[in-house]
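# structure for the following, please:
(2 chains)
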Amino acid sequence: MYNGDFFQSSLRGQQRVEAKSQVLPGISSFFFHLRPRHYPAGSIQFSNTLYLGFFTALFLAVEVVTGILLMVYYTPTPASAYQSVQALALVPFGQLLRDLHRLGGDLLVLSAFLHMVRVAISGSYKGPRRFTWLTGSVLFFLVLALAFSGYLLPWDQLSYWAVTVGTGLFGALPGIGSWLLEILRGGPEIGAGGLLRFYVLHVVLLPVAVLPLLAVHYYRVARLHGISPPICTAARRNSDNLRTVSLWPTVAVRELQLTLLTLFLLIAIVAFAYDAPLGEPANPLRTPSHIEAPWFFLWAQGLLGICPATLPALVLIITPGLLLLLLPWYDRRQRRPFGQRPWFALALLVSLCLLLVLTFLGARIQQPISHSPETLLDALVPVDGHGPLHTLAYDELTLGVHTVGSVRTDTKISSGLEQLLTFIDSRLRGAAESQRFSESSSVLIIETIQPEVKRITLRQSVRLKDSTAARTFERTVYRHGFGETSLLSGAKK
Amino acid sequence: MEGRERRRLTFLGLALCCLLFIVGQQEERRLEAAAAVQAGEAVVTGARLYSENCRKCHGSRGEGLGQLGPALADQHFFTGRMAEVGWLLDLDQYVAATVAGGRMMATRPLYAGNGTTAVMPPWALDQGGPLRVDEIIAISRFVMHWRATALGTIILPVIDLPPADRGDPATIKAGGKVFSTLCLSCHALPDLPGGQGGPTLAGIGVAASGRTPGLSATEYIRQSVLIPDAFVVEGYDEKTDTQGCGALLSEVQLEAVTAFLLQRN
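Reported below is the predicted structural model:
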């Protein structure tokens, strides 16, 4: 017990009275002895677990390390957030760190999800592992919250409006909705207060919640009941459990090998094939034509698209989470192989299919297929972000006034531009076939306005079916040729 | 540890080291490329913002617009402007500072032509304008990027652009609506009786071409909307309270009303 003597003796410099509490030794013992000295041999067999728990922990470690380094450069204010993220590209290995953090985050969500599916298939959430399942489920939700809170931090149009819509869902909750919205956004809309709140959530509150919970989760898996191999290999598992392998060197070396291999693949991908996206800076005054949820919430976007009201949709979004949390409490039957649980197998299969279908719907919602002149222009020349006109190399943008759909005898036009004009023509023909236009014509004007800067104007004259007058729509983008010759930028862009 | 496991570990460690070495070797070139790309992105962002916010006074190509805004893409701007205003720092800082804070008073009086001077307004958010700091820097990068062409060291290729379709019936119809809504209180047309505050615009489509030497009919009408007193019709000398209507009209409305008036023969 701590008592007054302990503090007094500390202050007066007298000999310290040792605390007799078991709390501190218990905590230190917990952390120092998380890892057992010996493991069942089956725990390092790939086919038993697919190492999904290990990969989840590894990606979390990658996120922690890269995140701490990124914090050095990031400024969580609306005026500077976007610029500080953009400026990472000018810091040695800054872009690499950001790409690693983004890709690692996506893989963390994916591996955590697959880990849960694997555990559900093997039925390992039953019996003594119920609380482990509960901690794992909460960890999964925390990982989703980490990913969502981090999504806002680049402060670009995509993230700003996705989070605006995402947080707006909570406003539909009866009673506490507006209060919760205010807490999350730090005001009626996301501004300096909201960005700071998401930043604190992302770098302090959620990690502080995740790390001890992860320790408890791992302690229970490693110390209390071991991993849960598929039940069909029980005979082999029994023989494996009789045989143990030591933490050092067998388990540690295997984990080190996997870590090196994963880091090699991650770094190779981000160095040569992946760029973390960064759109236009966030502009609260300009709502983009398409708002896109993060990929792991596209299913929710799909659900919102087909659900007539927000509140039922919100209930449908939250319910699967609750069902997941309480799974061991309503599926109380004895653990059996997956093949002998037909109803559970069917429910899992239907849930996964539903998830895929809703994700597909969510992805489709952001790509409207309406053939109005405005949406055609949006598809070809989006106001925010890159469209087909950005895909051509700068040098392929041949100067001139190019009529879309005409037969060109001019051989000086680049092949890339030729393909682009054909693509635009096909979209226009698609619109014409939809009977929206009685006639239409388009020109693509490419001019140089400054050295290495071209202005591209797509001008579309249409006569709508229900109108006798022609209307002209046009949209302009600017392209630059700075750094186009760089081998590196060419390799990654 | 078995020999096979040890060899595998060594191989993976060496592979990772080699990869890091290759990435490290390329980092300097990547940084140069990233700096170039970001400079280009700033210029094209500036181009878009210039087109949205500055073009109406300084011209699409920085050539200046009548007496409303001075040319930015000419030699004088890059060689004499700093001395003219007594700016001691760099020109790009002058451009950024002027865009951000505007100017308290014009350095070239009588630009507005109506007894007042056309003064550059502030554009920075903290000065009451609409632009963020990075957007102001982007505009200044875009303006500064005219240096090579302004000084004649680079000559850009010119293409024949199709003229704006002012004969489009829809545009003329839209211009008629703009005229009825915003101009009719001061100006009248034979078929549209209006106010007497300004001269009648009967036959303006023909008359406009000869009013001001050097200005086409289109340019004259646009200038008159933006600066009504740039040319004062006889009999209206005393009416000094006229104000430019440019602030009332969007660029699309201005184009439409110009197209409408050009048809009034």
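# wasn't A:Val443 part of a strand?
Yes. Assessed by DSSP: H, G, I helix; E, B strand; the rest coil, A:Val443 belongs to a strand.
# measure A:Ala87 to B:Gln93 for me?
Note on A:Ala87: its distance to B:Gln93, by C-beta to C-beta, to the nearest Å, is 20 Å. From N, CA and C alone the C-beta is placed, and that goes for glycine too.
# these two - which one has more neighbours?
Higher neighbour count among A:Ala87 and B:Gln93: A:Ala87, with 16 against 13, using other C-beta atoms under 10 Å in any protein chain shown.
# excluding covalently adjacent residues, which one is nearest to the more buried one?
Spatial nearest neighbour of A:Ala87, excluding adjacent residues (C-beta to C-beta, 6 or more residues apart in numbering or on different chains): A:Tyr73 at 6.9 Å.
# which SS state does that neighbour fall under?
Applying three-state DSSP: A:Tyr73 is coil.
# A:Asp156 is in contact with A:Glu280, correct?
Yes. Counting by C-beta atoms under 8 Å, A:Glu280 touches A:Asp156, with 6.1 Å between them.
# out of the two, which sits in the more crowded spot?
A:Asp156 (23 against 19).
# and the nearest residue to that one once chain neighbours are set aside, helix, strand or coil?
Excluding the flanking residues, the one nearest A:Asp156 by C-beta to C-beta, 6+ apart is A:Gly279, at 4.0 Å. Assigned by three-state DSSP, the conformation of A:Gly279 is coil.
# so what's A:Gly279 scoring on pLDDT?
A:Gly279 carries a pLDDT value of 86.
# isn't it right up against A:Leu158?
Yes. Assessed by C-beta under 8 Å, A:Gly279 is found in contact with A:Leu158 at 4.6 Å.
# what residues are shared contacts of these two?
A:Asp384, A:Gly385 (C-beta atoms under 8 Å, 6 or more residues apart in numbering or on different chains).
# mind checking the SS state of the residue nearest the centre of chain A?
Computing the C-alpha centroid of chain A and ranking residues by C-alpha atoms, centre = their mean puts A:Asp106 first, at 4.6 Å. Classification of A:Asp106 using three-state DSSP returns helix.
# also the one 10 residues further on?
Taking three-state DSSP as the rule, one finds A:Met116 in the helix state.
# wait, it sits on A:Thr135?
No. Counting by C-beta under 8 Å, A:Met116 does not reach A:Thr135; the two are 11.8 Å apart.
# so where is the stretch 51-200 of chain B shaky, pLDDT-wise?
B:65-67, B:105-118, B:159-166 (pLDDT under 70).
# and the residue of it closest to chain A?
B:Ala170 (4.1 Å; C-beta to the nearest C-beta).
# that residue sits in which helix or strand?
helix B:169-178 (DSSP states H and E).
# remind me what the next helix or strand after that helix packs against, helices and strands.
Later in the chain than helix B:169-178, the nearest helix or strand by DSSP H and E is helix B:204-211. Using 3 or more C-beta pairs under 8 Å, 6 or more residues apart in numbering or on different chains; DSSP states H and E as the contact test, the elements touching helix B:204-211 are helix B:217-226, helix B:251-262.
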